[in-house]
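> could you work out the structure for the sequence below:
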Amino acid sequence: MSSGQPPTEAAPKHKQQLLQDPPCQQQQQQQQQQQSGPSGGGLRSHAMSAADVDEEEAAEADEEVHRDEETSIKVTQSPGFLCHIEATAAFRMPAHTLFKQVITHPDNAAIFRHMDRCSYRRVLEDDGQGLRKVRVAHEASWRFLLLKGTFTTKLLVEEDEQALIMDFQLDPEGGGSGIMRKFHGRWTIRPHPADPQHASLSTLDQDLALGVYMPPPFDRILKRISCNQVKKIFEDVKKEADNVNRGRPTLCPWEEAKDKQFGEGQGEDAAPAAVPAAVPAAVPEAAPAAPAVAEPAA
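Residues are numbered from 1 along each chain as shown. Next up, the predicted model:
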């Protein structure tokens, strides 16, 4: 039986969508889509967000901060240490490739500008399942005004190929730590959520302290230069990722070099190579007005 009222017309589809999604909600959805982006778009580091501390706030907090779309770096003063470094970057390279072919490759001195030479490398343990312990000694240069020289950093490195984690610390049996009193940290690599098959996120946490006291304002200057040096490391990784993607990697496959050992009387075998990448320690280098950080690394 008819109710006597005319039938109600169904709203057009676009009006139905407007009723379901108010304009403000639609705008939020569009912004979220732009931020996430397709797999072929720009990559972001996890540290990037609207709540990031800007440069002025960082200065008030006694921090050195650098952030762009693909990189986030923060250097702070921590108790008992000269610098604490937190850095995250996105790269167009699969996570396992980045870990093996760049971060832990025995010959990666050819990639990183802050590495001069690795004079010693020994594989101490290898369980055959991806857990490996390595002892290395890395030589780096320093310059300050008219003075220059070299120093050696001896490290113990633990690699976890399955978890994509590399830990490094000063070798307690190294017979002295050179210019550094403390130096340890961790690289963590994981697939990028926006494109897990072709991209990765790398995170570096590191603490370092010099064996000499650096009074203000030199401690502030060193934090700033340390931040810039981390940027250089990420630039080197990005450049090598581009080389790999073009089919022209700088280094031989990791599988061919992972067991390489040299040093202590092996002559030419102690040539430049073999040191895992880490953030530079703070040492004087040539600078027009103040001490600067040289480019040593784990």
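> drop to CA atoms for contacts and neighbour counts, all remaining ones
Will do.
> ok, residue 207 to residue 234 distance?
According to Cα to Cα, to the nearest Å, residue 207 stands 18 Å off from residue 234.
> show me where this protein has its helices.
13-20, 23-36, 55-60, 95-98, 218-245, 254-257 (DSSP state H).
> so which elements touch the fourth one?
So the one you mean is helix 95-98. Other elements packing on helix 95-98 under the criterion 3 or more Cα pairs under 8 Å, 6 or more residues apart in numbering; DSSP states H and E are strand 180-191, strand 200-210.
> quick one: the strands in the stretch 51-200 of the chain?
63-67, 71-78, 81-91, 117-126, 131-144, 147-160, 165-170, 180-191, 200-210 (DSSP state E, counting those that start in this stretch).
> other SSEs contacting the second one?
Yep, that's strand 71-78 we're talking about. Checking 3+ Cα pairs under 8 Å, 6+ apart, strand 71-78 ends up next to strand 63-67, strand 81-91, helix 218-245.
> so which of the ones you listed is the most packed in?
Using mean count of other Cα atoms under 10 Å, the stretch among these with the largest mean neighbour count is strand 81-91, at a mean of 24.
> what helices or strands is that one leaning on?
strand 71-78, strand 200-210, helix 218-245.
> now do that strand against strand 63-67, angle only.
Here strand 81-91 runs at an angle of 10 degrees relative to strand 63-67 (axes from the mean of the first three to the mean of the last three Cα atoms, to 10 degrees).
> between strand 81-91 and strand 200-210, how big is the angle?
Strand 81-91 runs at 170 degrees relative to strand 200-210, counting by the same axes, to 10 degrees.
> partner strands of strand 81-91, with direction?
Within its sheet, and counting by DSSP bridges, strand 81-91 is paired with strand 71-78 (antiparallel), strand 200-210 (antiparallel).
> sorry, back to before: mind putting the helices and strands packed on strand 71-78 in JSON lines, mean pLDDT and distance to residue 129 included?
Shown next, in JSON lines, are those (pLDDT from 0 to 100; distance: least, Cα to Cα, whole Å):
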{"stretch": "strand 63-67", "mean pLDDT": "89", "distance to residue 129": "37"}
{"stretch": "strand 81-91", "mean pLDDT": "91", "distance to residue 129": "26"}
{"stretch": "helix 218-245", "mean pLDDT": "88", "distance to residue 129": "25"}
